[in-house]
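> Sequence and predicted structure below; questions after.
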Amino acid sequence: MPEITLEALATRLEAVEKKLASLTSSVVPAVRDWRSVVGISEENEFTRTMFAEMEAQREANRKAAREEVE
């Protein structure tokens, strides 16, 4: 088995990195960060109704939890 040199490893690593970069850019779609989409829903009657229903459900859950404790 031939001796592995640092130069040979560097060359092989460079080839692998290039191949990985080409595969990654063509196959994997860009990942959207959740922080870039938080708060983008427009305020309209539907969203106001939805938020009111969510708050009512949370309050019902809180009330039920308090009743269990008592």
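Received it, and whenever you're ready, just let me know what you need.
> What is the subsequent helix or strand relative to the worst-scoring helix or strand of the chain on mean pLDDT?
Every helix and strand of the chain was ranked by mean pLDDT, DSSP states H and E. The lowest is helix 6-27, at a mean of 88. Using DSSP states H and E, the next helix or strand after helix 6-27 towards the C-terminus is helix 45-69.
> mind checking how far residue 21 is from residue 15?
From residue 21 across to residue 15, the span is 11 Å (C-beta to C-beta, to the nearest Å). C-betas here are computed from N, CA, C, even on glycine.
> repeat for residue 59
Taken as C-beta to C-beta, the span from residue 59 to residue 15 is 61 Å.
> name the element residue 2 belongs to?
Using DSSP H and E, no helix or strand contains residue 2.
> ok, it - how many residues close by?
5 (other C-beta atoms under 10 Å).
> Any figure for the gap between it and residue 13?
17 Å.
> Ok, residue 50 next?
Distance of residue 50 to residue 13, given as C-beta to C-beta: 52 Å.
> ok, back up a step: off-centre distance for the least confident helix or strand of the chain?
Mean-position distance between helix 6-27 and its chain equals 26 Å (C-alpha atoms, centre = their mean, to the nearest Å).
> go on, stretch 50-62?
26 Å.
> C-alpha coordinates for it, PDB please?
Output of stretch 50-62 as PDB, limited to C-alpha atoms (Å, rounded to 0.1, in the frame of the first residue of the first chain):
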ATOM      1  CA  MET A  50     -58.300  33.200  14.600                       C
ATOM      2  CA  PHE A  51     -56.300  35.000  17.300                       C
ATOM      3  CA  ALA A  52     -59.400  35.600  19.400                       C
ATOM      4  CA  GLU A  53     -60.300  31.900  19.200                       C
ATOM      5  CA  MET A  54     -56.700  30.900  20.100                       C
ATOM      6  CA  GLU A  55     -56.700  33.200  23.100                       C
ATOM      7  CA  ALA A  56     -60.100  31.900  24.200                       C
ATOM      8  CA  GLN A  57     -58.800  28.300  24.000                       C
ATOM      9  CA  ARG A  58     -55.700  29.200  26.000                       C
ATOM     10  CA  GLU A  59     -57.900  30.900  28.600                       C
ATOM     11  CA  ALA A  60     -60.100  27.800  28.800                       C
ATOM     12  CA  ASN A  61     -57.000  25.600  29.300                       C
ATOM     13  CA  ARG A  62     -55.800  27.900  32.000                       C
END
